[in-house]
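*Asks:* this is a predicted model, with the sequence first.
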Amino acid sequence: MARVLLIEDDPAVQRGVSLALKRRGHEVAVAGSGETGLLTLERHRPDLVLLDLMLPNMSGLEVCRRIRESKRIPIIILSARGDEIDMVVGLEAGADDYVVKPAGAELLEARIRAVLRRVAPAQDGGTRNPAAGPERHADLTVDRTTLVVAKHGTELPLAPSELKLLLFLTATPGQVYSRQQLLEQVWEHSFYGDVRLVDACVMRLRARIEDDPRRPVYVQTVRGFGYRFGPL
């Protein structure tokens, strides 16, 4: 099972989530603040971070941004704030998923499993043969075996969701996918409101791979439907 770091300041939530995860075989470390969480991240080396937004002193958003500066570890925001703007801001900060508290143990376990599968997306990232070697798409190089994406020879530090989305789209260049299709294939859940996960991830991915995110060449919008991968 997974090594999970829970960054949460509410003792009741700490106990409830920790107990639920431990019963499912996970190893759990708990931090009660953002600062402690960042220190524990280096010591505990978790497979995944569960992160509350409303933390004392350093906010969960700032913690998320700091983790994303140097690490590709999956991050799930676990927050009582369920407004659309809170969800969008959290996703734009670099989270891979967003769960609103209180969340049932089965839902949380399903989201954890889905996010962890994105760490190794080469197992189901497309139909191309990995033995064929790295793929070249204009200035981008995509290696499905090593899960390395580079631009002009420089490796890009993509988050798990960004990486799996790119691998999925590059498997069939020119194919148009709706947001719902991408949500089901990449995030593995199909709640209508969660299509915002797709838009937020596309925005972050464009910021990584495009020369000008406002005029995307690689991840292109098909108005009224969804997205496709270019250049064609």
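*Replies:* Nice, thanks for sending it over.
*Asks:* and the strands in this structure?
*Replies:* Under the criterion DSSP state E, the chain contains strands at 3-7, 27-31, 48-51, 75-79, 97-100, 135-137, 140-143, 148-151, 154-155, 177-178, 219-222, 226-229.
*Asks:* TSV for the ones you listed, including mean pLDDT?
*Replies:* Formatted as TSV, the strands of the chain follow (pLDDT from 0 to 100):
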stretch	mean pLDDT
strand 3-7	95
strand 27-31	95
strand 48-51	94
strand 75-79	90
strand 97-100	86
strand 135-137	89
strand 140-143	91
strand 148-151	92
strand 154-155	91
strand 177-178	94
strand 219-222	93
strand 226-229	94
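*Asks:* Tyr177: what's it in contact with?
*Replies:* Leu169, Gln185, Gly226, Tyr227, Arg228 (CB atoms under 8 Å, 6 or more residues apart in numbering). Quick note: C-beta positions are derived from backbone N, CA and C, even for glycine.
*Asks:* ChimeraX command for the buried members of the residues you listed?
*Replies:* In ChimeraX, this line selects whichever of the contacts of Tyr177 come out buried by 16 or more other CB atoms under 10 Å:
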select :169,226,227,228
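*Asks:* now the strands of the chain in a markdown table, with distance to Glu109?
*Replies:* Output for those, formatted as a markdown table (distance: least, CB to CB, whole Å):
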| stretch | distance to Glu109 |
| --- | --- |
| strand 3-7 | 11 |
| strand 27-31 | 13 |
| strand 48-51 | 12 |
| strand 75-79 | 11 |
| strand 97-100 | 11 |
| strand 135-137 | 34 |
| strand 140-143 | 31 |
| strand 148-151 | 29 |
| strand 154-155 | 32 |
| strand 177-178 | 27 |
| strand 219-222 | 31 |
| strand 226-229 | 29 |
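*Asks:* now do the helices in the chain.
*Replies:* Using DSSP state H, the helices of the chain run over 11-23, 34-44, 60-70, 84-92, 105-117, 160-170, 179-182, 195-209.
*Asks:* out of those helices, nearest to Pro216?
*Replies:* Pro216 lies closest to helix 195-209 among the helices of the chain, at 5.3 Å (CB to CB).
*Asks:* pull the distance from that closest one to the chain's centre.
*Replies:* Taking CA atoms, centre = their mean, to the nearest Å, one finds the center of helix 195-209 at 10 Å from the center of the full chain.
*Asks:* for it, the averaged confidence score.
*Replies:* Across helix 195-209, pLDDT averages out at 87.
*Asks:* packing partners for it?
*Replies:* Judged by 3 or more CB pairs under 8 Å, 6 or more residues apart in numbering; DSSP states H and E, helix 195-209 is in contact with helix 84-92, helix 160-170, helix 179-182, strand 219-222.
*Asks:* mind checking which of the ones you listed is nearest Gly25?
*Replies:* Short answer: helix 160-170, nearest of the helices and strands packed on helix 195-209 by CB to CB, at 21.0 Å.
*Asks:* which elements pack onto that closest one?
*Replies:* Packed next to helix 160-170, using 3+ CB pairs under 8 Å, 6+ apart, are strand 140-143, helix 195-209, strand 226-229.
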